[in-house]
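Novice: here is my input, please return the structure:
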Amino acid sequence: MNIAPSKPHVGPPANSPVLVTGATSQIGRFLTPLLSSLGYSVRAVSRRRVNDSASSIPNVEWVKADIGEANGLGEGRGGSLIHIAPLPLAPGIIGPAADLGVKRLVAFGSTSVFSKMDSPLKAEREAAKRLVEAEASVRDKCENLGVDWTIFRPTMIYGCGLDQNVTVIAKFIRRFGFFPLAGEGSGLRQPVHAHDLALACVEALDARASFNRAYNLSGGETITYRDMVGKIFTGLGKKPRLISIPLPLYRFAIRAAAVATPNGSLTVEMADRMNTDLCFDHADATRDFWFSPRCFTYQWM
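Specialist: Model (predicted):
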């Protein structure tokens, strides 16, 4: 696993403390060793048990806890908080974090705050609304408590097999040897690697230009949904076999399949989005803290 920064990073003060919530997430799996390698003293909080390799990372104290519970953040150490857990949880822990001496917050939302605001699905609209409300609450609480904040809104995240987009496509290809597209699959995408997002956290921590601002963080190239799937085939060592299905027929198939998966994991909107552009500019992030994401490639984890 490559955890080296993309450019020389000015190191933190000796043992500068950083609290990471959601530390076993896909971003956290790159972030904790990166912070350790740069000399930060890390308290990594997660509800999940960590594996042996993660628990042996130097300068990282692992805490198995629910951040929503009393004392879920542990004892006070000051420093910074990088919140990778869902953004709606952030407003509830900013006060306790400030009581522990935290003066800097980097938190993750999503570009779905824009792309799903007008979704035909009520659940997606409500999720986007919760993100909007969470962003506003984070800003208000931080400003009232003297905490400098930065909110990241990444596009489609991939990188260590935990996502529900790229990895789901790869699993389908491995099982069936082909992939069905709704129409041409012409919608534009900007997949962003979890490692690049971890680097963004580190670079933004001390970049004053990023204080009290929100940023869209997209991948290093813009490609069609079709081309993205083709690259996943290539990463799996397979020749691309994509089958274009007329959109009305694809919608019918999803409705039929959804009967067997009533948890809402299959929706007609999934088919429609294959031909919808989901693109966001990250130029502000490049200007303010050198964000330089890689082009999309895929490797089976």
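Novice: so which helix or strand of the chain has the lowest pLDDT on average?
Specialist: helix 52-55 (a mean of 69; mean pLDDT, DSSP states H and E).
Novice: which other helices and strands contact the next helix or strand after that helix?
Specialist: Sequence order places strand 60-64 as the next helix or strand after helix 52-55, per DSSP states H and E. For strand 60-64, the packing partners by 3 or more C-beta pairs under 8 Å, 6 or more residues apart in numbering; DSSP states H and E come out as helix 26-37, strand 41-46, helix 52-55. Bear in mind the C-beta positions are built from the backbone N, C-alpha and C, glycine included.
Novice: can you do 6 Å?
Specialist: In terms of contacts (3 or more C-beta pairs under 6 Å, 6 or more residues apart in numbering; DSSP states H and E), strand 60-64 is packed against strand 41-46.
Novice: strand partners (parallel or antiparallel) of the strand it packs on?
Specialist: strand 17-21 (parallel), strand 60-64 (parallel) (DSSP bridges).
Novice: out of the ones you listed, which gets nearest to Asp148?
Specialist: strand 17-21 (14.0 Å; C-beta to C-beta).
Novice: so the closest one versus helix 26-37, what angle?
Specialist: 170 degrees (axes from the mean of the first three to the mean of the last three C-alpha atoms, to 10 degrees).
Novice: where does this protein dip in pLDDT?
Specialist: Low-confidence segments of the chain (pLDDT under 70): 1-15, 52-53, 68-72, 74-77, 257-268, 301.
Novice: now the strands for it?
Specialist: For the chain, the strands defined by DSSP state E cover 17-21, 41-46, 60-64, 79-83, 102-108, 148-154, 157-158, 179-182, 188-189, 192-193, 213-217, 223-224, 242-245.
Novice: could you export the fifth one as PDB, CA atoms only?
Specialist: Extracted C-alpha coordinates of strand 102-108, given in PDB (Å, rounded to 0.1, in the frame of the first residue of the first chain):
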ATOM      1  CA  VAL A 102      -9.800  20.200  19.400                       C
ATOM      2  CA  LYS A 103      -9.400  23.400  17.400                       C
ATOM      3  CA  ARG A 104      -9.400  22.000  13.800                       C
ATOM      4  CA  LEU A 105     -12.000  19.900  12.000                       C
ATOM      5  CA  VAL A 106     -11.900  18.200   8.600                       C
ATOM      6  CA  ALA A 107     -15.200  16.300   7.800                       C
ATOM      7  CA  PHE A 108     -16.600  14.400   4.900                       C
END
